[in-house]
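Undergrad: My questions concern the predicted model and sequence given below.
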Amino acid sequence: MGKIVYTGGTFDLFHSGHVRFLKACRRLAGDDGRVFVALNTDAFIQAYKGKPPIMSYNERAEILLGCKYVDRVVPNLAGADSKPAITDVMPDFVVIGDDWARRDYYAQMQFTQAWLDDLEIQLVYVPYTQGISTTELKQRIAGWKVN
């Protein structure tokens, strides 16, 4: 039987790095597993980053649902506290990019390894795609000139 994979994020300006990440989530879940994406709300992004996303929640959710690697999008209603979304899904794995390996992901998401262990959830890092990011795309767009 497949596994349940949970990941979360903003997924603004959907790009190849997002696709590769979600494909890794699907591989971990297996063909008969499920991949859940907890999508950050516009209000949380505004509060956290100090500016709104380029694309609205509904636009970002529609794109994610159109991705063959995603089974369900759930709103991340608790903002920085990921525990409510995680316990709603009750995944086998929480998956994040390995760019978080040298940062305090636990503090960012407001849970501990002990909390994950109590729920029998594994934290899995997948390779981060270098050279592409939403920030990189915004920089490319800023330098693009319309004739």
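TA: Thanks, I have the structure now.
Undergrad: Show the pLDDT at the closest residue to P127 other than its chain neighbours.
TA: Of all residues not flanking P127 in the chain, D98 sits nearest, at 5.6 Å (Cβ to Cβ, 6 or more residues apart in numbering). For the C-beta atoms, the positions are set from N, CA and C on the backbone; glycine is no exception. Looking at D98, its pLDDT reads 82.
Undergrad: how deep is H18 tucked in, by neighbour count?
TA: 23 (other Cβ atoms under 10 Å).
Undergrad: Let's verify it: helix, strand, or coil?
TA: Assigned by DSSP: H, G, I helix; E, B strand; the rest coil, the conformation of H18 is helix.
Undergrad: contacting residues around the closest residue to it other than its chain neighbours?
TA: Leaving aside its chain neighbours, H18 sits nearest to F11 (5.8 Å; criterion: Cβ to Cβ, 6+ apart). Contacts for F11 were tallied using Cβ atoms under 8 Å, 6 or more residues apart in numbering; they are 18, 37, 39, 60, 63-64.
Undergrad: Including secondary structure and distance to D71, could these go into JSON lines?
TA: Output for the contacts of F11, formatted as JSON lines (DSSP: H, G, I helix; E, B strand; the rest coil; distance: Cβ to Cβ, whole Å):
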{"residue": "H18", "secondary structure": "helix", "distance to D71": "16"}
{"residue": "V37", "secondary structure": "strand", "distance to D71": "9"}
{"residue": "L39", "secondary structure": "strand", "distance to D71": "13"}
{"residue": "R60", "secondary structure": "helix", "distance to D71": "16"}
{"residue": "I63", "secondary structure": "helix", "distance to D71": "15"}
{"residue": "L64", "secondary structure": "helix", "distance to D71": "10"}
